[in-house]
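Peer 1: Build me a model:
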Amino acid sequence: MQWLTVIQYGVVYGLVLSVLFTVAVFAGAAVSRDFLLNDYPPAVQERYGRPKSARGRRVAVLVAVFVWGVCGIPLMTSAMVGLSGALSGGLAFLPAAVCAALVFATLSVYDLIVLDWIILVGLRPRLLILPGTEGMPEYGDMGFHLGAALKGSPLIIVVGLVTGGLTTLFAEVL
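Peer 2: Modelled structure (predicted):
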């Protein structure tokens, strides 16, 4: 097994998805700054004092469709096809599952470190700060973002297992 190849595919495709995710987050915030309202610390949400707007809900759906439907599934498919060709003997369940888990893990770590900690906590661009909450110390709560990342981390395993299973199934059918 060529595990280095599996790791390279997982990390590289994860970084590509991370960059597209970043573009989607900034584009979404440019259209509706409250589209990620539920991802802010509770004190920030409380001070903002409004539920997510109808526009924010629409933007959240569009961003999700773009990231997962337009980018995520095609990128994951491309990673599996490319990895299948790069591995001698084709692609089996375990390398497909590990590669897919690495794609999602890379996105999760990038989201935490780059988007949450460096950009939101450190730089605090106005575009990502909810109106009326400017200067709140809760924006600097790195633990909040770490906790959110840890809550989502079981999805890494789920994505890996589902993708590995689907890849194996399609490889058998095709």
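
Peer 1: Quick one: list the elements packing against the worst-scoring helix or strand of the chain on mean pLDDT.
Peer 2: None of the helices or strands of the chain scores lower by mean pLDDT, DSSP states H and E than helix 154-173, at a mean of 92. If contacts are counted by 3 or more Cβ pairs under 8 Å, 6 or more residues apart in numbering; DSSP states H and E, helix 154-173 sits against helix 73-86, helix 93-110. Glycine gets a C-beta too; all of them are placed from N, C-alpha and C.

Peer 1: looking at those, which is buried most?
Peer 2: Stretch with highest mean neighbour count among the helices and strands packed on helix 154-173: helix 93-110 (a mean of 22; mean count of other Cβ atoms under 10 Å).

Peer 1: Tell me the first helix or strand C-terminal of that one.
Peer 2: Downstream of helix 93-110, the first helix or strand assigned by DSSP states H and E is helix 142-152.

Peer 1: how much does that following helix deviate in direction from helix 93-110?
Peer 2: Using axes from the mean of the first three to the mean of the last three Cα atoms, to 10 degrees, the direction of helix 142-152 lies 160 degrees away from that of helix 93-110.
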